[in-house]
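Colleague: just coords:
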């Protein structure tokens, strides 16, 4: 017996030494590489929001157009029963964690009484010229525990100084007013539209200045545009990552917002070796249009369609912003509300019971282990800030569910605080002879949700097939979801 313990100790020491040598060899190669792009604390918080609503609201709601001309009389804006708390209740029922509103769209109409425009709610009959939609919504968000963000179009088809150098000053003044009057923002939304103003001229935007001012006034807000600097457009308005691949990095040198942006395919996939951390945000409307149109009341996306969009956006590592346009009353229409409530309930049921919660992980990747053991792993602790490095030759982690269970959905998160590394991975279960692959995908990033035909197994192996460097996983969750589509 004593001899056995001596031999055991010798093998343990040898395994540890070999493991150290492998680690040292790998490290020597890594030392020559530049550190990977990683998210800022603000971007990490943004990744955690995952899903939020967009509210397109303004004169277009009442004129039944998508892009106003800027010549609409202010009195056209007159919601009969504005209720921003109702907007927030619908958002929460849908599972959204925040909202963003079109504070000023291309028509130049300001939903707050701006000092730098004469085309605002102040000039309308609504609330006798004393109303402020941004105030009402930002207050409602705080009451309902939602994050708040604003869309502020640089294009202004109403302002007389648009198309002149002075307009950049006007825009900065307008932005400063908006960003300092309504509390903390989680996102600031810019698009690249750049058409003619009332004088027939186009504007040369000073976006570098805009970025500096926005970052100074709202340091915790992530700025959206084609090329960031906080998050990027996904390249389509269908709300989808079109393939399994989604890199959170992008190269922006030489590109501009709007017509000078990277190709839509590049925006959709990102750049595997991009220099900047610029994750994708997927935008889509619950209706065919972005503003409310009564003729679209019977064209609201179904809960099943919203679920599939969710799987192909949030489930592929992006954030999802779903547009839900308030109607002419200033309320979310009943058809939209019903679809969102059903969608929210579907999501809650789908992710209500994590079969891997509180379970243990085997240690085939721990080079110093004499024999594999089970232990409580960081990938099952429910904390996205902790992670497990996958270092073994077979680069895998094996989850033990305790007994055989049925499941058809797996959610895995990469430790993006360390950057994004995984290029491909597989999900496997025992088949009596070894391991059988049940699903395979490419990148992971902030999260990857994989669905597959139902299996029944006690153990699940996640195997890293290819990685730019040592992979690090932060969370793995296992679910049995009804009616997989």
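Modeller: Sure thing, it's come through. What you see is a predicted model; the values in this text were computed from it and never measured.
Colleague: Show me which helix or strand of the chain is least confident by mean pLDDT.
Modeller: helix 2-30 (a mean of 41; mean pLDDT, DSSP states H and E).
Colleague: quick check: domain ranges of this structure?
Modeller: As given by automatic domain parsing, the domain ranges for the chain are 7-36+354-479, 41-350.
Colleague: among these, where is the model least confident on average?
Modeller: Note on those: domain 7-36+354-479 shows the lowest mean pLDDT, a mean of 81.
Colleague: tell me, what residue is most central in the protein?
Modeller: Nearest to the mean C-alpha position of the chain, counting by C-alpha atoms, centre = their mean, stands residue 319 at 1.5 Å.
Colleague: what's across from the closest residue to that one other than its chain neighbours in the sheet?
Modeller: Counting by C-beta to C-beta, 6 or more residues apart in numbering, the nearest residue to residue 319 once its immediate chain neighbours are dropped is residue 281, at 4.8 Å. The way it works is simple: take the backbone N, C-alpha and C, and place the C-beta from them, glycine included. Beta bridges link residue 281 to residue 233, residue 319 when assigned by DSSP bridges.
Colleague: Begin at 34 from now on, thanks
Modeller: Renumbered: residue one is now 34, and that last one reads residue 314.
Colleague: Residue 429 versus residue 314, what's the distance?
Modeller: The gap separating residue 314 from residue 429 is 32 Å, by C-beta to C-beta, to the nearest Å.
Colleague: neighbour-wise, which of these two wins?
Modeller: Using other C-beta atoms under 10 Å, the more surrounded residue of residue 314 and residue 429 is residue 314, with 23 against 20.
Colleague: Which stretches in this structure count as helices?
Modeller: With DSSP state H as the criterion, the chain has helices at 35-63, 74-82, 92-96, 117-127, 166-177, 199-212, 240-250, 297-302, 336-344, 367-383.
Colleague: Which strands or helices does the fourth one pack on?
Modeller: So that's helix 117-127. If contacts are counted by 3 or more C-beta pairs under 8 Å, 6 or more residues apart in numbering; DSSP states H and E, helix 117-127 sits against strand 84-88, strand 131-137, helix 166-177, helix 367-383.
Colleague: outside of the shortest one, which residues touch it?
Modeller: Defining contact as C-beta atoms under 8 Å, 6 or more residues apart in numbering, one finds that strand 84-88 is touched by 120, 123-124, 127-135, 170, 180, 182, 184, 220, 316, 318, 343, 347, 352-359.
Colleague: Sheet partners, orientation included, of that strand?
Modeller: For strand 84-88, the paired strands and their directions (DSSP bridges) are strand 131-137 (parallel), strand 352-356 (parallel).
Colleague: To residue 107, which of those strands lies closest?
Modeller: Comparison of the strands paired with strand 84-88 against residue 107 by C-beta to C-beta identifies strand 131-137 as nearest, at 13.4 Å.
Colleague: List of residues touching that closest one?
Modeller: Taking C-beta under 8 Å, 6+ apart as the rule, strand 131-137 contacts 82, 85-91, 120-121, 124, 143-145, 166-167, 170, 174, 179-186, 189, 207, 211, 219-220, 222, 354.
Colleague: Quick check, residue 125 in contact with residue 179.
Modeller: Yes: Residue 125 lies in contact with residue 179 (C-beta atoms under 8 Å); the separation is 6.8 Å.
Colleague: Which of these two has more residues huddled nearby?
Modeller: residue 179 (24 against 17).
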